[in-house]
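# let's see this in three dimensions:
(one chain, ligands or ions: 1)
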Amino acid sequence: MKDIYNVTYEQLNTFFTENGISKFKTKQVYDWLYKKGVTSFEKMTNLSKSDRELLKKEYTIGLLSLKNQLTSNDGTNKFLFELDDHQLIETVLMEYKYGLSICISSQVGCKMGCDFCASAKAGFARDLTAGEMIAQIMTVNKVTNQQIDRVVVMGIGEPFDNFDNFIKFIAIVNDHRGLMIGGRKLTVSTCGIVPKIYQFADLHLQVNLSISLHEVADDIRSSIMPINKKYPINELIESCKYYIEKTNRRISFEYALIGGLNDDETHALALSKLLKDMLCYVNVIPINKIQGGNYNLRKIENIEKFCGILRENGLMVTVRRELGNDINASCGQLRRSQINEV
Ligand code: SAH
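This next block holds a predicted model:
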């Protein structure tokens, strides 16, 4: 059986046409699924009984099974979901002034092996389908009964290592006949898979791009992020410049401050030099504690000092608010398992 969340508008059109049914049904089905949030074909009452039977024979509605939900003191919620093949993933729902933002996973586990990230520690099982990415939104929607405004693909996994499914997900989530979440309300983060950054640029999407940079010297970056051995800093920055030139969109560089490793004045100056005159901003992330990790966390004064140097050198800087730290729902803390204590 196929998951209907994994079906684009065009694919559903084809299905109906092949079965001699009016394409107008696609609009109705999308409406039920994404505007009304209906989770059974039975409830699609403006479809004939035989159309509903046909859909039921061909498709399932792939809601995820909720295994656990934790709520942080700051209102952040973390959901542990079980997939059809019993694999586990996590999804996070965060409250901001402007509304609700959901952080979805793109793979079960991760191959990238970044040393500071819990998602890498449990290894890699498989890619998520576009439908399973959509299902995270739909299930959280259903469980919380709240309207989700923004989507960040910053949960477990490397979205550019699952590029085709990720792009299909964007097409479905973006569709004005469906969920209608605009590109500017979508953000994808990559650790720097350079050929995919070029491919992404050429697609001219409105989606925001974040790069997990964290360090500007190749030797240190390679020691904490293995991807850097394959695509070193100069190649990464070249691809970012290409993206900016093609799309005229600002890139966000994520920089997790790790005490004693990448957080002193020299680093701040090197980072300023590297990103000078680029259309970008830097998102400084206080490093989060993970199980088995022994990185030093930084005090707020140190973070402010580091950001001050970047600002003096003309960079736009924001410090990421830490949400959900008490339930291990912050950056780098998500994993494909039940373990919730640090
Ligand atoms: N694989 C993608 C998507 C994950 S996004 C990527 O690497 O960009 C998750 C973000 O949290 C990334 O910027 C990642 O580098 C960062 N991160 C990972 N572990 C962290 C930790 N312990 N503390 C703070 N940020 C961390």
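
# can you pull the pLDDT of the residue in the chain positioned nearest to the ligand?
Residue nearest to the ligand within the chain (C-beta to the nearest ligand atom): residue 332, separated by 1.9 Å. For every residue, glycine as well, the C-beta is placed using N, CA and C. What the model reports for residue 332 is a pLDDT of 86.

# same question for residue 339.
On the pLDDT scale, residue 339 gets 53.

# neighbouring contacts of whichever strand or helix holds residue 57?
Element membership for residue 57 (DSSP states H and E) is helix 49-58. Residues outside helix 49-58 that contact it (C-beta atoms under 8 Å, 6 or more residues apart in numbering) are 1-2, 4, 15, 19, 21, 25, 29, 41-42, 44, 47.

# same thing with stretch 14-31?
4, 7, 9, 12-13, 44, 46-47, 51, 54-55, 58, 175, 177-178.

# for the record, mean pLDDT for that stretch?
96.

# get me the contact residues on this protein for the ligand.
112, 114, 116-117, 154, 158, 189-191, 212, 254, 256, 285, 287-288, 290, 331-332 (C-beta under 6 Å from any ligand atom).

# hey, which helix or strand in the chain has the poorest pLDDT?
In the chain, the helix or strand scored least confidently by mean pLDDT, DSSP states H and E is helix 118-121, which has a mean of 87.

# list the buried residues of the helix or strand that comes right after that one.
Per DSSP H and E, helix 118-121 leads on to strand 124-127 as the next helix or strand towards the C-terminus. Neighbour counts over strand 124-127 (16 or more other C-beta atoms under 10 Å) mark 124-125, 127 as buried.

# between these, which is nearest residue 82?
residue 125 (12.7 Å; C-beta to C-beta).

# per-residue pLDDT of the residue lying closest to that closest one once chain neighbours are set aside, please?
Nearest residue to residue 125, sequence neighbours excluded (C-beta to C-beta, 6 or more residues apart in numbering): residue 108, at 4.0 Å. Residue 108 is assigned a predicted lDDT (pLDDT) of 97.

# over to residue 299?
As predicted, residue 299 sits at a pLDDT of 70.

# repeat that for residue 290.
pLDDT, residue 290: 80.

# surely it is in a strand?
No - secondary structure of residue 290 (DSSP: H, G, I helix; E, B strand; the rest coil): coil, not part of a strand.

# how about it, what does it touch?
116-118, 121, 332-333, 342.

# pipe these into a markdown table and attach distance to residue 142 per row.
Output for the contacts of residue 290, formatted as a markdown table (distance: C-beta to C-beta, whole Å):
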| residue | distance to residue 142 |
| --- | --- |
| 116 | 33 |
| 117 | 29 |
| 118 | 27 |
| 121 | 30 |
| 332 | 28 |
| 333 | 25 |
| 342 | 30 |
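
# most neighbours among those residues, which one?
residue 118 (27 neighbours; other C-beta atoms under 10 Å).

# touching, it and residue 331? I think so.
No - judged on C-beta atoms under 8 Å, residue 118 makes no contact with residue 331 at a distance of 9.8 Å.

# let's see stretch 167-176 as CSV, backbone CA atoms only.
Only the C-alpha atoms of stretch 167-176 are listed here, as CSV (Å, rounded to 0.1, in the frame of the first residue of the first chain):
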residue,chain,number,x,y,z
ILE,A,167,12.7,18.1,-2.7
LYS,A,168,9.5,16.1,-3.1
PHE,A,169,8.6,17.0,0.5
ILE,A,170,9.1,20.7,-0.3
ALA,A,171,6.8,20.4,-3.4
ILE,A,172,4.0,18.8,-1.3
VAL,A,173,4.4,21.1,1.8
ASN,A,174,4.5,24.1,-0.5
ASP,A,175,1.6,23.3,-2.7
HIS,A,176,-1.0,26.0,-2.6
